[in-house]
Each structure stands twice: as structure tokens, then as C-alpha cells.
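Enquirer: everything below, folded, please.
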Amino acid sequence: MPFSAPPHSAHGPRRPRVLLVDDDPVVLRALRRLLLAARPGWEIGTAESGEAALQLVERDGYDVVVTDLHMPQSSGLVLLERLKAEQPGVMRVIHSSHVESISADQAQELAHALLRKPARPDEPVLIIDWALDQRRRRLRDSANF
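Expert: Below is the predicted model:
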């Protein structure tokens with residue numbers, strides 16, 4: 001019997017999906033532009049609130065969520081707590097100028113990485129590359145490969 005490829009095997013792996021969450025649309029546009037210039041293969045979504053971010057993660061699925069801490073409607077901490085509980089496979093990155101507002105233990109408990117604003121232009125790319133690599137390793141290890 002001849003070998004036949006499984007359905008959809010012609011499609012390569014899914015492109016990495018990153019969701020940026022910040023109540024400042026200027027920050028979102030600048031960070032999105034920076035990431036797409038460095039990694040044009042990434043799919044970058046944006047949300048201006050924690051609630052909008054949760055809806056997008058549930059609907060579209062994301063590999064990494066990068067969130068500000070202080071937002072008027074729903075804080076980044078609430079988003080991180082819910083992501084950890086409801087979407088444990090999603091890598092969580094804090095991107096904030098107010099990192100001193102949470103303890104090191106709290107940051108370590110809720111996020112996989114911390115990125116201070118303003119960051120050097122290469123830092124977000126490096127941190128997200130690392131987070132995507134960690135996620136791939138976890139998925140591979142959970143599948144026993």
C-alpha cells in the first residue's frame with residue numbers, strides 16, 4: 001500500500017501568535033511595528049484591556065501574551081491570574097514601567113518573564129523568542145517527544 005500523507009500535512013507549523021495588551025494605543029502600535037519588523041512571520045494581535053485580551057485568547061488562541069500592569073478597566077494582574085488559571089499553556093510576559101508595584105514573588109508566580117518600559121528595541125524580541133522557545137519545549141515534553 002502506498003504511503004499517503006496525513007490531512008493538512010502540506011501546511012507548515014502554525015505561525016507564532018503574540019498578543020500585546022496595553023491601554024495606550026501608541027504603545028501597542030509601536031511595539032507591534034517593532035515586533036513585525038524583527039519577526040515578520042509572527043502574528044501579532046492587540047487588545048486595550050484585560051477583558052478584551054481574554055476574549056481574544058479564548059477565541060483565537062495565542063502562544064504569548066505581553067501585558068502592561070496598570071490599565072483602567074482590568075489590571076494586568078487580573079489578566080495574568082486568569083490566564084494562569086484558564087490558559088496555563090500561554091506564556092505570560094509583564095511589560096510595564098511600574099514593575100515595582102508588585103513583589104518579585106508575585107511577578108514570578110504570575111509571569112514567565114518581565115520586561116521593563118522603556119525597553120531596548122531588541123529586548124521585546126529576545127524575550128518573546130525565549131517565551132516561544134519555552135512553550136515549544138513544554139509542548140514537546142508533554143507529548144513525550
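Enquirer: residues in contact with the helix or strand of the chain with the lowest mean pLDDT: which ones?
Expert: Ranked by mean pLDDT, DSSP states H and E, the weakest helix or strand in the chain is helix 104-110, scoring a mean of 90. If you take Cβ atoms under 8 Å, 6 or more residues apart in numbering as the criterion, helix 104-110 is touched by 77, 80-81, 84, 92, 94, 99, 114. Quick note: C-beta positions are derived from backbone N, CA and C, even for glycine.
Enquirer: tell me the buried residues within these.
Expert: 77, 80-81, 92, 94, 99 (16 or more other Cβ atoms under 10 Å).
Enquirer: pick out the most distant pair among those.
Expert: Checked with Cβ to Cβ, the buried ones among the contacts of helix 104-110 reach their widest spread between Glu81 and Val99, with 16.6 Å between them.
Enquirer: what about Arg32, how many neighbours?
Expert: 16 (other Cβ atoms under 10 Å).
Enquirer: may I have whichever helix or strand it is part of exported as CSV, CA atoms only?
Expert: Per DSSP states H and E: Arg32 is located in helix 25-38. Extracted C-alpha coordinates of helix 25-38, given in CSV (Å, rounded to 0.1, in the frame of the first residue of the first chain):
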residue,chain,number,x,y,z
PRO,A,25,-2.8,52.6,21.7
VAL,A,26,0.5,54.4,20.9
VAL,A,27,2.5,51.8,22.9
LEU,A,28,0.6,49.0,21.1
ARG,A,29,1.3,50.4,17.6
ALA,A,30,4.9,51.0,18.4
LEU,A,31,5.5,47.6,19.9
ARG,A,32,3.6,45.8,17.2
ARG,A,33,5.6,47.6,14.5
LEU,A,34,8.9,46.8,16.2
LEU,A,35,8.0,43.1,16.5
LEU,A,36,6.7,42.7,12.9
ALA,A,37,9.9,44.4,11.6
ALA,A,38,12.0,41.9,13.5
